[in-house]
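J.: Mind folding the following:
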Amino acid sequence: MAPAFLLSLREGLEAALIVSVTMSVLARTRRTELLPPAWLGVALAAGLSVLTALALSWIGAELEGPAEQVFEGTTMIFAAVLLTWMILWMRAQGREIQQRLEADVRRTALAGHRRAVFAITFLAVLREGVETALFLTAASFRADAAGTLFGGLSGLAASAILGWGLYKTTLRLDLRRFFQVTGFLLLLFAAGLVAQGVHEFNEVGLIPTLAGPIWDLSPVLSEETPAGGLLKALFGYNADPSLTEAMAYVGYLVTLALALRPARPQLVPSAKA
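T.: Alright, predicted model coming up:
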């Protein structure tokens, strides 16, 4: 439940921020006649996101045997790649997003473009909604479906409340710190998705195990215990991983650490006399 809550909270808050900025600009510019198309965009995007989640769940339920494992492994790795890209992009562009969004909405509102206002909210909510559907589908492969659904709905409800509070300026939230902390946790979650995806491919023989299991911690911390189950859901813990599974987990984290390391300042050579 915890990963689903965290995923939907972050994705939902990103969508809520875009919607709240749009509604706030429309209110400040007194273009309230553009509110209906903005809310229509939100509603249609939310509906399409739900349909996407249902379609992914249906596909997973219809498949059996090796086809199901290939689908789960592919979904997990694709979700990890998308999640990583999203967090890194937000880290690089996050400071300028709100300013650019406000400028675009203000320009659109003053011009009275109903379709453009609809497109802003529709595309924003659809992007976050489809990503949430994919992430929750991947998370459900490592936890029970009921817990994933409850956690996802709880996260979306919390993000809606936070978005409303930000819109009404009754809430002060350090968004930069929030996205930093959740981004770090979700990157660890993504590492677990990569390893678990490799595990599924090990099961069907698409990726060799090379050696496995390389250790077995089941007597100490089994995945069936509450603590082991939580670690599995959050970080992809496996008590008896194969060598390729462990390599995938460590390789992902090492690659990520290299990508996130701060650039060294270039030394300017001193001018010779």
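J.: going forward, measure contacts and count neighbours with C-alpha atoms only.
T.: OK.
J.: low-scoring pLDDT stretches of the stretch 1-150 of the chain, where are they?
T.: Per-residue confidence for the stretch 1-150 of the chain (pLDDT under 70) gives these ranges: 1, 92-99, 112, 143.
J.: what about the helices in it?
T.: Under the criterion DSSP state H, counting those that start in this stretch, the stretch 1-150 of the chain contains helices at 2-28, 35-62, 65-111, 114-140, 145-167.
J.: Quick check: residue 213 touching residue 241?
T.: Yes. With contact defined as CA atoms under 8 Å, residue 213 and residue 241 form a contacting pair (5.2 Å).
J.: who's more crowded, the two?
T.: For the pair residue 213 and residue 241, the greater number of neighbours falls to residue 241 (21 against 15), based on other CA atoms under 10 Å.
J.: Report the separation between that one and residue 127.
T.: Using CA to CA, to the nearest Å, residue 241 is found at 34 Å from residue 127.
J.: now swap in residue 150 and tell me
T.: 21 Å.
J.: swap in residue 190?
T.: As for residue 190, its distance to residue 127 is 19 Å (criterion: CA to CA).
J.: Compare those two (neighbour count), which wins?
T.: Counting neighbours by other CA under 10 Å for residue 190 and for residue 127 shows that residue 190 has the greater number, 29 against 16.
J.: if we can go back for a sec, of all the helices of the stretch 1-150 of the chain, which one is nearest residue 250?
T.: Proximity to residue 250, assessed across these by CA to CA, is greatest for helix 65-111 (14.2 Å).
J.: helices or strands up against the closest one?
T.: Packed against helix 65-111, as judged by 3 or more CA pairs under 8 Å, 6 or more residues apart in numbering; DSSP states H and E, are the following elements: helix 2-28, helix 35-62, helix 114-140, helix 175-204.
J.: Just the buried positions in the second one, please.
T.: Spelled out, it's helix 35-62. Neighbour counts over helix 35-62 (16 or more other CA atoms under 10 Å) mark 35, 37-46, 49-50, 52-53, 56-57, 60 as buried.
J.: The third one now?
T.: Of the residues in helix 114-140, 114, 116-140 count as buried by neighbour count, 16+ other CA under 10 Å.
J.: Could you give the separation of that helix from the chain centroid?
T.: Using CA atoms, centre = their mean, to the nearest Å, we find the averaged C-alpha position of helix 114-140 to lie 11 Å away from the chain's own average C-alpha position.
J.: quick check: angle from that helix to helix 145-167?
T.: Angle of helix 114-140 versus helix 145-167, following axes from the mean of the first three to the mean of the last three CA atoms, to 10 degrees, is 140 degrees.
J.: Could you list the low-confidence segments of the stretch 151-273 of the chain?
T.: For the stretch 151-273 of the chain, counting by pLDDT under 70, the residues that fall below are 169-175, 262-273.
J.: switch to 50 and redo it
T.: 170, 271-273 (pLDDT under 50).
J.: closest one to residue 245 among the helices of the stretch 1-150 of the chain?
T.: The minimum distance between residue 245 and the helices of the stretch 1-150 of the chain falls on helix 65-111, with 11.9 Å, by CA to CA.
J.: still on that earlier bit, do you know which of the helices of the stretch 1-150 of the chain lies nearest residue 255?
T.: Between residue 255 and the helices of the stretch 1-150 of the chain, the shortest separation by CA to CA is 11.3 Å, and it involves helix 65-111.
J.: and the angle from that closest one to helix 35-62?
T.: Orientation note: helix 65-111 sits at an angle of 180 degrees relative to helix 35-62 (the same axes, to 10 degrees).
J.: ok so, going back, as CSV, the helices of the stretch 1-150 of the chain with distance to residue 217 would be great.
T.: What follows is the helices of the stretch 1-150 of the chain, written out as CSV (distance: least, CA to CA, whole Å):
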stretch, distance to residue 217
helix 2-28, 23
helix 35-62, 30
helix 65-111, 23
helix 114-140, 23
helix 145-167, 25
